[in-house]
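# fold the following, please.
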Amino acid sequence: PVYPPEVPLVKTAPFIVDAHTHSIEDPSLEKFPPYFGQAKWEYWQRRMDDMAVTHSFITPAEKLLTKDEKLISGMCRESGGKCRYFEVFDPRDVDGSLRDLETSLPDPMCIGIKIHPSVHLTPGSDERYANAFEMAAKYHKPIMTHSWGVSDYNPAQQFATPKQFDCHLNAFPQV
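Modelled structure (predicted):
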């Protein structure tokens, strides 16, 4: 194969809004080169500057994948608010998740709740997610998730199709 040279990144004025990114500490198969996703502002600042990103919303993948209690709010504070984070709600550990939400949601660096039915293999319609919607309503924070149609390349997506969330959206229309 012949590979063309990499096109250099041209710095532009910020214009794109994306919902989120992830942090994760090494060792991991989920690294984000060149800064490896570690919760160190100097790495994120350099990468964000290179990509003309002014603000970033981070979901700590440590919480999604390993249930590590380490949060990234310190890095977010160091960023001066350029990075903020979502706290994770895991329906397989409602009590632990609610404790984490009670700690994180009052933090101004915490912008909302991340639910991930396809990772947690729990239908978005599961009654346990009502706890997350109730906390979001209590603290006036949004809930973020990955939601699209069933796909052959991601069978777990069956747990997070848009219709799955109707019961919670109807019960908590302010979220």
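
# low-confidence ranges in this structure?
Residues of the chain that meet the criterion pLDDT under 70 lie in 13-20, 22-37, 61-71.

# helices of that one, start to end?
Listed in chain order, the helices found in the chain under DSSP state H are 41-50, 61, 73-78, 94-104, 117-120, 129-139, 166-171.

# what about the residue lying closest to Trp148 once chain neighbours are set aside, how many residues nearby?
Among residues not flanking Trp148 along the chain, Gln157 sits closest, at 6.5 Å (CB to CB, 6 or more residues apart in numbering). The way it works is simple: take the backbone N, C-alpha and C, and place the C-beta from them, glycine included. Neighbours of Gln157 under the rule other CB atoms under 10 Å: 17.

# with Pro8 instead?
Counted with other CB under 10 Å, Pro8 comes out at 6.

# quick one, phi/psi of it?
phi -70, psi 140 (degrees, to the nearest 10).

# tell me which of the helices of the chain lies nearest to Ser151.
Closest to Ser151 of those, according to CB to CB: helix 117-120, at 10.1 Å.

# which one of the helices of the chain lies closest to Thr12?
Going by CB to CB, the one of the helices of the chain nearest Thr12 is helix 41-50, 11.3 Å.

# give the buried residues for the closest one.
By 16 or more other CB atoms under 10 Å, the buried positions in helix 41-50 come out as 41, 43-45, 47-48.

# repeat for stretch 84-92
For stretch 84-92, by 16+ other CB under 10 Å, it's 84-91.

# tell me which residue lies nearest the centroid of this protein.
Centroid check for the chain by CA atoms, centre = their mean gives Thr59 as the closest residue, at 3.0 Å.

# doesn't Trp148 make contact with Gly124?
No - look at Gly124 against Trp148 with CB atoms under 8 Å: they stay out of range, at 11.8 Å.

# quick one: contacts for the closest residue in space to Leu101 that isn't next to it in sequence?
If the residues on either side of it in the chain are set aside, Leu101 comes closest to Met135, at 4.7 Å by CB to CB, 6+ apart. Contacts for Met135 (CB atoms under 8 Å, 6 or more residues apart in numbering) come out as 89, 98, 101-102, 105, 113, 141.

# quick one: Leu121 from Pro5, how far?
Remark: distance between Leu121 and Pro5 (CB to CB, to the nearest Å) = 42 Å.

# which one's more surrounded, these two?
Leu121 (12 against 5).

# residue contacts, the more buried one?
156, 159.

# any idea how far it lies from Gln157?
Leu121 is 11 Å from Gln157, where distance means CB to CB.

# how about Ala130?
Distance from Ala130 to Gln157, by CB to CB: 21 Å.

# still on that earlier bit, in CSV, list the buried residues of helix 41-50 along with distance to Gln174.
Below are those laid out as CSV (distance: CB to CB, whole Å):
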residue, distance to Gln174
Trp41, 33
Tyr43, 37
Trp44, 32
Gln45, 35
Arg47, 35
Met48, 32
